[in-house]
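Mind looking at a prediction? Sequence and model below.
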Amino acid sequence: MDDSLVAPQVPVDLDNCAREPIHIPGSIQPRGVLLALAADDLTVLHASDNTEVLLGVPARALLGGPLAGAVGAEAAAVLAARFAEPGEVRDRNPLTLTVRGAGVDAILHRPPRPDGARERPATASPVPGTGTVAGTGTGAQGAGGTAAGVVVVELEAVSGDRPLTYTGTYQAVRGAVEALNRGHSLTALYDTTAREVRELTGFDRVMVYRFDEEYNGEVVAEARRGDLNPFVGLHYPATDIPSQARALYERSWIRLISDVGYTPAPIVPTLDPRTGAPLDLTFATLRSVSPIHVEYLQNMGVTASMSISLLKDGSLWGLIACHHYSGPFAPPYGVRAAAEFLGSALSLRLVAQVEDERIAAARRVARDLAGLVAASRDEAVPLAEALTADDAILELLGADGVVVRAQGDTRTLGHAPGPAGREALLAWAGTSTGDYACTTSLVRDVPEVAALVPDVAGVLAITMSGGDAVAWLRREVVHSVDWGGDPHNKAIARLEGDTVRLSPRRSFDRWRETVRGSSLPWTDDQADTARLLRRHVVEAMYTRTQRDARAAETLQSSALPAHLPQVPGWVLDARYSPADGGRVGGDWYDALTLPDGRLAVVVGDVAGHGLHAASTMGQLRNGLRALLVRDPDPAAAVTALDELVRATMPGEMATLLVAVVDPGTGEVVYVRAGHLPPVLLDADGDAVLTDDVHTTPVGFVTGHVSPGRLTVAPGGSLILFTDGLVERRGTSLRSALVSLREAFGRAHTAAASRGRDGSGGDPDEGAGPDGGAGPDGGVDLDAVVAQVRDPRSDDDATVVVVRRVRLEAMTDVTS
């Protein structure tokens, strides 16, 4: 016997009923008698203790004797012949016999082998006059189960029409099968089945009972006597039908309890005298049932019941449950066979209908998906807005709500949490190791997130780069269930009282407790659909990003000066480098000659990347130009630019370094608004950081703006740059600035050396963004940028060098 099951002699109670060995109960229902025979000679090994009622012989008097001693020689010969036929003997039940002058239905089967293999028929032939079988048995006893060499005969008094044939059975349900074939939805099939089985069997109530993925059950249809309370909508926990009971339902498709108040008839002896194993009654129609189940039925007022298994792909999918309330009730075997046939037909029809509905659902999903994909391609509408324009994204996965974040824009639809809850959900989704995250119980799996979204139980999320994601949400399942038994079944509650421990209402309460905090499960098809949508969303984002990148590049290139000013005695050089991957950011530089003859040089950095940053940068660049032309004081220009940003671009932020240079004296007045300080190189290449003054970034300037002052000596340079030039992973900003200063010093020294040996160029040659430098101290700007910049940087970088030519170089040119 399975070690996980309690021993047959141990009393069954609520604590151990899930381990009850219900296939070896050691007794039968007494509406018939049972004989277990040795397969090789059909001698009686076991008999139910009630054989005297039907056969006129006490059970113990039959043990060890021939089958003929129990049923007579003629009946024994007929049974022997049936057992000797090839194939599964129980597929040809029943066999109508005359025993002791009365008609009986003989129901034959071979107990299952312990290893689950099908039993081979005995190679035998009837021996005239004895009722025994000549031949060999079918194997030896396996561990924990009935001996392989056993056959079982159950005898019930004949009732109903005879003879019972396949055609007759089919005729009894022909109309029901036709009605099933006319059903075009699962609901219609359920209702038809309940109605037809009740009409066929005569039970007071017939229910169709469906399991979910975890074997919690729901009554999805019923046909009942008019005075009975409805059970439709009732839910039951999986523990109501333990796993061993479900396994039995998959092997034995029909079970009848003709009298819930029956007194079990023990099997004599309990154990096989040859092997010491209990008799396996898996396929026995008279098998005694669990006392726990009997108690459950009695508390409901049920006096007789029958169940028919519904299978899908060989697994238990549901049950047809029949209840009677007006006393014992035993439908004839023919009716039971017809009902079993109808259950088989329904099982096949259900499989087909489920497939039909799956295909129909797939078509609806494809339609909704196509609509969402088309909407995502409309670049005139923000992507998050396009995806949440209607309920299609909810219907796609059967969700109650959705949160969509795409390209920094967050939208919600349906039953969705507030900002804090949305952020928590999206952050959790982003922690997934892949591009997909799923749970049916946030409170179980991520309690810290569940605390922020108490109305959300299940989440299925797809994630993209940059924190973008789509998260479908489902509420707790108890909110989604319409319990049809409430309030109609208050009558049952009154009947139960406080002492009843097993009942539909209490079972529903246990189910509700079981599913607390959980949503309906996400199916594999829904997960596949979500992943498919993700691919389309990523494609749409890529298309939009490419469009934005092209526009940003256009803005960027148009904002940067095509040529730098040519000022006698000065040389300007500049470089702009986008972020790793070519992403355009918010860096810019500018240089212009002011009306009073001074030179204005600007380096700036707008927060962010892409089209928005480039657009903001363009507006700031043009606005600052106009302000400097009107008033060349850099402090006044920065103050006015801050006012402009606050008025026209609230929330935007940029850092700036504005320097106004007097070409004649080399004096510089500058303002840095949240920006890194400039580097000042002297004629000998010594570099210093001028960090004496600063203010907050533009858009957030507070208080008076104080300018800084310095002087660029002949042969020296003023270097302006953005943080993308010096930021390096794993290196502090202070260390990076020191490295930058030293790199420019070395480059200055090397350039001066080139100038002395005559390898330089024209000292008066102005340089644009890609220009060179003269022999009087100009540096190789490309080499410096390559040396100090992190090639993996996710920020763009800009540098401008304003170099004052040496006096002797100027003299050489003028002479």
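That came in fine, so what should we check first? Numbering: from 1, shown residues only.

Where do the strands of the stretch 551-700 of the chain begin and end?
Using DSSP state E, counting those that start in this stretch, the strands of the stretch 551-700 of the chain run over residues 570-577, 585-593, 599-609, 654-661, 667-673, 679-681, 687-689.

Quick check: which of those strands is nearest to Thr187?
Distances from Thr187 to each of the strands of the stretch 551-700 of the chain were compared using C-beta to C-beta; the shortest belongs to strand 599-609, at 53.5 Å. Yep, even glycine has a C-beta here, placed from its N, CA and C like the rest.

relative to strand 667-673, how tilted is that closest one?
Between the axis of strand 599-609 and that of strand 667-673 there is an angle of 20 degrees, by axes from the mean of the first three to the mean of the last three C-alpha atoms, to 10 degrees.

Packing partners of strand 599-609?
Contacts defined by 3 or more C-beta pairs under 8 Å, 6 or more residues apart in numbering; DSSP states H and E place strand 599-609 against strand 585-593, helix 610-630, strand 654-661, strand 717-721, strand 797-804.

Which neighbours in the sheet does that strand have, and how are they oriented?
As defined by DSSP bridges, the strand partners of strand 599-609 come to strand 585-593 (antiparallel), strand 654-661 (antiparallel).

Indicate which one of the helices and strands packed on strand 599-609 is closest to Lys312.
Ranked by C-beta to C-beta, the member of the helices and strands packed on strand 599-609 that lies closest to Lys312 is helix 610-630, at 51.6 Å.

Keeping just the C-alphas, turn whichever strand or helix holds Ile292 into PDB.
Under the criterion DSSP states H and E, the helix or strand holding Ile292 is helix 291-299. Below are the C-alpha coordinates for helix 291-299, written out as PDB (Å, rounded to 0.1, in the frame of the first residue of the first chain):
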ATOM      1  CA  PRO A 291     -17.500   7.900   6.000                       C
ATOM      2  CA  ILE A 292     -16.400  11.500   5.800                       C
ATOM      3  CA  HIS A 293     -18.200  11.800   2.400                       C
ATOM      4  CA  VAL A 294     -21.200  10.100   3.800                       C
ATOM      5  CA  GLU A 295     -21.300  12.600   6.700                       C
ATOM      6  CA  TYR A 296     -21.100  15.400   4.200                       C
ATOM      7  CA  LEU A 297     -24.000  14.100   2.100                       C
ATOM      8  CA  GLN A 298     -26.100  13.500   5.200                       C
ATOM      9  CA  ASN A 299     -25.600  17.000   6.400                       C
END
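
what comes up buried for that helix?
Across helix 291-299, burial judged by 16 or more other C-beta atoms under 10 Å covers 292-297, 299.

circling back to that earlier point, would you single out the least confident of the strands of the stretch 551-700 of the chain?
Comparing the strands of the stretch 551-700 of the chain by mean pLDDT, the weakest confidence falls on strand 687-689, with a mean of 81.

Could I get the buried residue list for that one?
Of the residues in strand 687-689, those buried under the neighbour-count criterion (16+ other C-beta under 10 Å) are 687, 689.

Starting from it, tell me which strands it pairs with and how they run.
On the basis of DSSP bridges, the sheet neighbours of strand 687-689 come out as strand 679-681 (antiparallel).

and the gap between the residue nearest to Ser27 when sequence neighbours are not counted and Val153?
Taking C-beta to C-beta, 6 or more residues apart in numbering, and ignoring the residues beside it in sequence, Ser27 has Pro264 as its nearest neighbour in space, at 3.6 Å. Between Pro264 and Val153 the computed distance is 19 Å (C-beta to C-beta, to the nearest Å).
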